[in-house]
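Novice: Below are the sequence and a predicted model for it; my questions follow.
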Amino acid sequence: MPEAILLPPLRCPPLRLRSRESGVRARPSGLCRLPTADVRQDKPPTTNTSMVPKTESSKTERGTTFIVGECFYRQESALGRDLGVLSAALYKRSRGALSVLDAMCGCGVRSLRYLTQSDADFVWANDANDDSRRTILENLSQEVREVEGRRRWVVTHSDANRLMVERYLNSDYFDLIDIDSFGSDSSFLRSAFAALKLDGLLYLTSTDGYSSGGHRPQ
């Protein structure tokens, strides 16, 4: 198992999440300068998943069947996904509710496992590459999209930082935010903490392990 990693401090103003006097979540300085006009709003457009063709060969990970299509998928990273799913399941068991943002979902296998194995109440699956939409929709359509009028999952294609800032501005916070970046994840920390509930979980992994470790092993 890899050793714990200490991230370098961020060069930005401190992020004040809650005022002790008022109990109101404060807006961090500088965070709201990002434009939000072209970001998808609270209700992303729906897609008729019954029209998604099921033609590709499937894969199985820890009992979950899914397709990859043209999306990126690394089988060796299954252990990292296992730990995220386990953490989410324990959180749901202790808190009774679980909303997840999978900020870089790829083919959607993480999002699907959060739904099926962590019993998430809601999963927001996001990937900046909109070419992955059909694959993600087909994978997540294995789970019911709405229960008693409440959505269980949505799919969007926004920049991860932009999406998390938008969720913060809408006071729409998550119990768990999962960020699986290709390079360093430090550029996502500020917006991730803003969109996270005060008692939530931030789960960071990196396909390039050297980015997280800061050096190559000797």
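Specialist: Happy to help now that I have it.
Novice: Grab the longest helix from the chain for me.
Specialist: helix 78-95 (DSSP state H).
Novice: Show me what that one packs onto, helices and strands only.
Specialist: Here helix 78-95 touches helix 109-116, strand 174-181, strand 196-206, going by 3 or more C-beta pairs under 8 Å, 6 or more residues apart in numbering; DSSP states H and E. Backbone N, C-alpha and C define where each C-beta goes, glycine included.
Novice: Would you reformat those as CSV and include mean neighbour count and mean pLDDT?
Specialist: Formatted as CSV, the helices and strands packed on helix 78-95 follow (neighbours: other C-beta atoms under 10 Å; pLDDT from 0 to 100):
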stretch, mean neighbour count, mean pLDDT
helix 109-116, 25, 98
strand 174-181, 23, 96
strand 196-206, 17, 95
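Novice: I'd like the ones you listed as TSV, with distance to E146 appended.
Specialist: Below are the helices and strands packed on helix 78-95 laid out as TSV (distance: least, C-beta to C-beta, whole Å):
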stretch	distance to E146
helix 109-116	13
strand 174-181	19
strand 196-206	23
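Novice: To A89, which of the ones you listed lies closest?
Specialist: Closest to A89 of the helices and strands packed on helix 78-95, according to C-beta to C-beta: helix 109-116, at 9.0 Å.
Novice: Would you map the strands across this structure?
Specialist: 59-61, 64-66, 99-102, 122-126, 146-147, 150-151, 153-156, 174-181, 196-206 (DSSP state E).
Novice: In TSV, list those along with distance to I136.
Specialist: Output for these, formatted as TSV (distance: least, C-beta to C-beta, whole Å):
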stretch	distance to I136
strand 59-61	14
strand 64-66	10
strand 99-102	10
strand 122-126	6
strand 146-147	17
strand 150-151	15
strand 153-156	5
strand 174-181	14
strand 196-206	19
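Novice: Looking at the ones you listed, spot the one closest to Y73.
Specialist: Judged by C-beta to C-beta, the one of the strands of the chain that comes nearest to Y73 is strand 59-61, at 7.4 Å.
Novice: where in the protein is pLDDT low?
Specialist: Flagging of the chain using pLDDT under 70 yields the residue ranges 1-56, 208-218.
Novice: now do 90
Specialist: When residues are selected by pLDDT under 90, those of the chain lie in 1-58, 70, 72-74, 76, 147-149, 181-186, 206-218.
Novice: Surely G108 touches N126?
Specialist: No: counting by C-beta atoms under 8 Å, G108 stays clear of N126, with 10.1 Å between them.
Novice: out of these two, which sits in the more crowded spot?
Specialist: The residue with more neighbours, out of G108 and N126 and counting by other C-beta atoms under 10 Å, is G108; that gives 30 against 23.
Novice: Who are the contact partners of the more buried one?
Specialist: When contacts are counted by C-beta atoms under 8 Å, 6 or more residues apart in numbering, G108 touches F66, C71, D102, A125, D127, S132, T135, I136, N139, L140, V155.
Novice: swap in A89?
Specialist: Neighbours of A89 in contact, by C-beta under 8 Å, 6+ apart: Q117, S118, D119.
Novice: Let's see if you can find the most crowded of those residues.
Specialist: For the contacts of A89, neighbours tallied by other C-beta under 10 Å; top is S118, 22 neighbours.
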